[in-house]
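Participant: from the sequence below, what's the structure:
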Amino acid sequence: MPGNWIRQDMAVIFGITGWKNSGKTSLVSALVAEYVRRGLTVSTVKHAHKSFDIDHRGTDSHIHRTAGAREVAIVSPKRWALMHEIRDNPSEPTLSTILGKLVPCDLVLVEGYKTSDIPKIECIRYEAATDEPIWKSNKSIVAVACDAEDAACPLPQFALDDIPKIADYVMQKTGLRL
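Facilitator: Numbers count the residues shown, from 1 in each chain. Just a heads-up that it's a prediction; the model follows:
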């Protein structure tokens with residue numbers, strides 16, 4: 001089983017994974033809210049398998065980017081974002097590279113990245129499942145959050161909506177303290 005991933009600034013790294021429509025985003029957002037309520041600072045990394053866009057045709061940032069800018073920063077008094085176009089090198093950056101770009105925090109929740117070696121919980125909605133559970137072939141899965149228990153699964157299992165128990169488990173598993 002993989003050990004805890006800890007960045008140089010001592011943030012704990014923990015993943016939430018699963019197949020499409022398994023509840024990953026709902027679980028990550030609920031865990032973020034729970035940890036923030038508990039007083040922790042949390043960042044997230046979301047892996048997308050397809051191209052995505054955070055700005056839209058007609059905006060100044062979109063015009064800059066489509067004109068050929070490699071990076072476009074959008075800054076306001078409320079938030080900022082940096083978009084980086086991958087043109088010269090068609091491979092996406094590694095999870096480690098992205099983690100290194102985040103500011104210090106207590107916890108980074110990583111959504112997706114099924115094959116990474118970070119410890120993670122697999123989300124499963126058995127009624128909607130069309131693929132084999134990831135835990136069967138991936139030793140970095142340390143628990144399952146599901147809509148129905150699976151007697152064949154040897155890992156700890158939690159109801160998908162039992163956010164306090166899942167949050168407590170992640171804290172215990174990683175050694176994260178308030």
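Participant: so where's the protein shaky on pLDDT?
Facilitator: For the chain, applying pLDDT under 70 flags the ranges 1-10, 50-53, 89.
Participant: okay, the residue of it positioned farthest from its centre and residue 75: tell me how far apart.
Facilitator: Distance from the C-alpha centroid of the chain peaks at residue 67, with 31.0 Å (CA atoms, centre = their mean). Using CB to CB, to the nearest Å, residue 67 is found at 19 Å from residue 75. C-beta: built from backbone N, CA, C; applies to glycine.
Participant: regarding the residue nearest to residue 62 when sequence neighbours are not counted, what is its secondary structure?
Facilitator: In space, and not counting its chain neighbours, residue 62 is closest to residue 55: 4.6 Å by CB to CB, 6 or more residues apart in numbering. Three-state call for residue 55 (DSSP: H, G, I helix; E, B strand; the rest coil): coil.
Participant: residue 118 belongs to a helix?
Facilitator: No - assigned with three-state DSSP, residue 118 falls outside any helix and is coil.
Participant: circling back: I'd like to know how many residues surround the residue nearest to residue 62.
Facilitator: Around residue 55 there are 17 other residues, counting by other CB atoms under 10 Å.
Participant: and residue 126, what does it touch?
Facilitator: Applying CB atoms under 8 Å, 6 or more residues apart in numbering to residue 126 gives the contacts 146-148, 150.
Participant: what's near enough to touch the spatially closest residue to residue 147 that is not a sequence neighbour?
Facilitator: Of all residues not flanking residue 147 in the chain, residue 125 sits nearest, at 5.0 Å (CB to CB, 6+ apart). By CB under 8 Å, 6+ apart, the contact list for residue 125 reads 21-23, 146-147, 160.
Participant: and what of residue 37?
Facilitator: Contacts of residue 37 by CB under 8 Å, 6+ apart: none found.
Participant: all set now, cheers.
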